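Q: This is a predicted model, with the sequence first.
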Amino acid sequence: MSQKGIVKTFDMGDGRTVSIETGKLAKQADGSVVVRMGDCMLLATVVSSTTLKDGQDFFPLSVDYVEKFYSTGRIPGSFPRRETKLSDYEVIISRLVDRTLRPLFPEDYLYDTQVNVWLISADKEIMPDTLAGLAASAALSVSDIPFNGPMSEVRVCRIDGKFVVNPNRSDLERADIDLLIGGSMENIVMIEGEMKEVSEDEMIEAIRIGHDAIKLQCKAQMELREMVGKTTFREYPAPAENEELKAKIKTDCEAKVYAIAKGKLDKNARSEGFKAIRKEFEEAMGEALTPEVKPLLKKYFGDLEYDVVRAMILNERQRLDGRALDEIRPLWMEIDALPSPHGSAIFTRGETQALATVTLGGKDDEQMLDKAHDLTFSKFLLHYNFPSFSTGEIKPNRGPGRREIGHGNLAKRSLEMVMPEDCAYTIRIVSEVLESNGSSSMATTCASSMALMDAGIAIKGGVSGIAMGMITSPDGSKYAILSDILGDEDHLGDMDFKVTGTAKGICGTQMDIKVKGLSFEVLKEALQQSNRGRLHILNEMNKTIAVARPELKPHAPRIEQMIIDKEFIGAVIGPGGKIIQEMQKVTKTQINIEEVVKDGVEVGQITILSTSKEGMDAAKTQIKNIVFVPQIGDEFDATVKSVVEFGAFVELVPGKEGLLHISEISYTRLASMEGVFKVGDKVKVKIIGTDPRTGKLRLSRKVLMPKPEGYVEEPQREHRPSSGGDRRGGGDRRHGGGDRRHSGGDRRDSRPRNENGGNQAPPVDQVE
C-alpha cells in the first residue's frame, strides 16, 4: 500500500506545474522533499549536527548535487559502473546552490550541516539544475534547522528575443542569454551565467524577470511549511562573548589598525602589520590570554579590521592600496612566453598573475562526458590551477578543488561565447595562477584570451574580465563600488561580482551579493562602472595582441577536412579499421571519419591532423586514391605493373589499375608487346571512353601523341564474344592464364587493316 506525503503544487506561470512533496521519503533526515516537474524528480535531504565541535569558528556547510544514472535508464560508463566522485558539472551546480544557501544561515550558527540533492528521475526536456536550489531550500524549510529562507534558483534565458524562465533543454541552443539566478523573497543572492555580448541593461532585465519567478517559488515553500506545521526552529546556545575584551581591543588597537590600513602597503606588508599589532596585544595580556579567551581575541580582532577598513573606504573614499574607487592596478602582459606550447600568454594585474597555455589537438583528444542524461564529447577545455605558492602558502598538491573547478568554468563559459563556429580543433587551455591577490579567475580569462590569439585561433574578439566589489553602511545610506578588488576587499565587502566580455558586450558573469535590499539602480551603476574598467583592461590587452595570428605556430598541428561520398566511408576505414590504422601509422597523422549532413545530403567528413606538411599530403593522397572515381578525359602518369601479350596493366593511382590495350599504345601497329614496356615504366594515358558492351572505361596512350600524317581513324567494329563467352567474370585471370580470346591462335591477320597496316583493335578492358 502506497503512502502519500504532504504535497504543495504551484504553477510556474506558463502552464507548467511543480510539486513539492514531504513526509514520504527519507524521513530520518532533518528535512526531506521530492520536487517534481514533468518526469523530472529531485530528492533533497538536509541534516545538521546538534553538537558543536570544540573551537569551531566557521560554518561547515556542504552541498552535493548528484545526478543518478538510473534516473535516465543508463548504466555509468566508468570502469566501476557506478557513480563515483562528482563530475565537474555536478560540482558547479553544487557550488551554485551552496552560494545561495550559505548567506541565509544565521551568522552565529556553526553546526555541521549537509545538504544532498539527487536527480532520481529525469525528463528529456526539463533541466534538473534549475530545480536544485528549490529542492534544497524546501528541505530546509520543512526542517527545524535555523534558516533565514526560503530561497530558490531559476534559469532565465533569452530565446528568439524573448525571456523564458526554466526553458526546455531543446531550446537552450538558441539562447543568447543564459543566467542561473538565486535569491530570497526580498533579495538577489547569486547570479552566474553566460551571454553572447549583451549590454548591462539586457542583463539587468533578465535578473528582474528571474527574481519575480523566485518570489513565486519562495511563496510556495512558505505555504508548504505551514502545511507541515513547522513554526519554530531548534534552539542552540549563543556563542560566548566577552564585551570587556572587545572594548579593550578597540581602545588599544583601533588607531594602529587604521594606520596600517591607511598606509598603502602591499599585501604581505599589510598582513604582517596586522599580525604584529595582534601579537603585541596578546603579549600585553600575559596570563589573561587563556585558551578560552584566545578564540574570542581572534574573532574580535578580525571584526575590528573589518569595521576600520570599511569605514575608511566609505568615509574617505580611499582603498587599502591607495587607489581611487574605480582605478585599475598596473598591468603588464606578454604573449608567446613559452616556445613549445601552441600558444601562451602572461597576464599580470597588480599582485595577481596568470600564465595561460593553449594546446591544439584533434577529435581523438575530445573529452568524453559521461553524464546521466547522455554521453557527450567536449572539444573546448579550460583547466584552472591554483597552487599554494601563489599566495605564499604551503599546502600539499592535490587534484582541483571545487573553487578551482568553479573559477575555471567561469572563464571557459566566457571564452566559448567568442570561439569560431567552424573551429575543427580540440582546444585545451591551462591557466596556472602564479600570484593571487584578487580575482585570479579574471586574470585567467584575460590570459587565456590572449593565448588563443597567440595560437592563431580566430576568436571573435578579445575577452577581458574584472572583479568588482561594494561596501555599504549599516543603514544603507552610503555605498562605495570598487573596481578590480583586492583579496582583502573581497573578504570585507558586501558584494563580489565578476564580469567578462568583449568590446561589444558581456560574455559571462558571477555574482555573490551579501547585502540585503540591493536596488537594481545600484546594481546597474556597479555594472556600468565594471564596463569602464573592463574596457580599460581590454585596451591594454589589445596593445599586446588585438587579433589572432594569421598563421598557426610552425610546430602546431594542422587540421584539414575532406568531404567524400558516404558510400566510401567503409573503404577508407577498411575491415576492422585496418586501412585507416595503417594509414595513420605510415603518415604519422590522426584521421577521423564521421557522417554529417551537408546541404541536406549525408556525406563522410574526414578530419586529418598532422604536425608535418609531408604527413598531411601523404594522408590526403591515400584517401583521394581510395575514393577516386575515374572520369572520361582524365589523364594519368601511370606505372606499368605487368606486361601481357595483348597490352599492359598500368596503375593509374595506388590501388587503381587498368588495361592499356596493345592497339591503344601507338598509331603504328605493334606485332607484340616484346620490348615495348617493362614493369615500373611510366606511361601517360588518358581515359577515352567506355566499352558500350560492358560500360568499362577504356585507356589510350596514342591519343596523347601526335597523329601520323595521313592517318585515318577506322570505325570501331562491334565486338563479338568467343563461342565460350567471356569468362573473366568468374575471376581475374588476365595476369596468369593470359587473354583467353586469343586461345585459338593469333587471328589478328584476318581482321580488316587500316591504311597504315594496323589491325582493328579488340575492345579495351576495364579500369579496376
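A: That came through, no problem. Owing to the predicted nature of the structure, the values given are computational and were not obtained by experimental measurement.
Q: got the residue ranges for the helices in the stretch 451-600 of the chain?
A: 487-492, 520-544, 569-573, 578-587 (DSSP state H, counting those that start in this stretch).
Q: hmm, I was thinking of the stretch 201-350 of the chain
A: Assigned by DSSP H, counting those that start in this stretch, the stretch 201-350 of the chain shows helices spanning 243-262, 267-285, 293-316.
Q: and of those helices, who's closest to Thr544?
A: Among the helices of the stretch 201-350 of the chain, helix 267-285 comes nearest to Thr544, with 25.2 Å by CB to CB. All C-beta spots, glycine's among them, are computed from the backbone N, C-alpha and C.
Q: For Thr621, identify the helix or strand it belongs to.
A: Element membership for Thr621 (DSSP states H and E) is helix 613-627.
Q: packing partners for that helix?
A: strand 558-565, helix 569-573, helix 578-587, strand 601-610 (3 or more CB pairs under 8 Å, 6 or more residues apart in numbering; DSSP states H and E).
Q: Quickly note the distance from Ile427 to Ala451.
A: Using CB to CB, to the nearest Å, one gets 10 Å for the distance from Ile427 to Ala451.
Q: out of the helices and strands packed on helix 613-627, deepest packed?
A: Greatest average neighbour count among these goes to strand 601-610 (a mean of 19), per mean count of other CB atoms under 10 Å.
Q: Could I get the pLDDT score of the residue nearest to the spatial centre of the chain?
A: With distances taken as CA atoms, centre = their mean, Phe380 lies nearest the centre of the chain, 4.2 Å away. Per-residue confidence (pLDDT) for Phe380: 97.
Q: ditto for the one 4 residues further on
A: Per-residue confidence at Tyr384 stands at 97 (pLDDT).
Q: now swap in Ser62 and tell me
A: The predicted local confidence for Ser62 is 97.
Q: What number of residues are in the vicinity of it?
A: 12 (other CB atoms under 10 Å).
Q: Pull the contacting residues for it.
A: Going by CB atoms under 8 Å, 6 or more residues apart in numbering, Ser62 touches 98, 113-115.
Q: And Asp634, by the same measure?
A: By CB under 8 Å, 6+ apart, the neighbours of Asp634 are 686-687.
Q: Phi first, then psi, for it.
A: phi -70, psi 140 (degrees, to the nearest 10).
Q: Give me the below-cutoff pLDDT ranges for the protein.
A: Scanning the chain for pLDDT under 70 picks out the ranges 1, 694-695, 713-768.
Q: neighbouring contacts of stretch 679-699?
A: With CB under 8 Å, 6+ apart as the test, stretch 679-699 has contacts from 630-643, 648, 650, 652, 658-661, 664, 677, 700-701, 703-704, 719, 763-767.
Q: do the same with stretch 519-532
A: So stretch 519-532 is contacted by 188, 200-201, 203-204, 207-208, 326, 466, 468, 470, 479, 481, 483, 495, 497, 499 (CB under 8 Å, 6+ apart).
Q: Which members of those residues are classed as buried?
A: 188, 200, 203, 207, 466, 468, 470, 479, 481, 483, 495, 497, 499 (16 or more other CB atoms under 10 Å).
Q: Which residues are in contact with Glu200?
A: Neighbours of Glu200 in contact, by CB under 8 Å, 6+ apart: 506, 524, 527-528, 531.
Q: Save those as CSV, and put in distance to Val63 and neighbour count too.
A: Compiled in CSV, the contacts of Glu200 are given as follows (distance: CB to CB, whole Å; neighbours: other CB atoms under 10 Å):
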residue, distance to Val63, neighbour count
Ile506, 27, 26
Lys524, 30, 14
Leu527, 28, 22
Gln528, 33, 12
Asn531, 32, 17
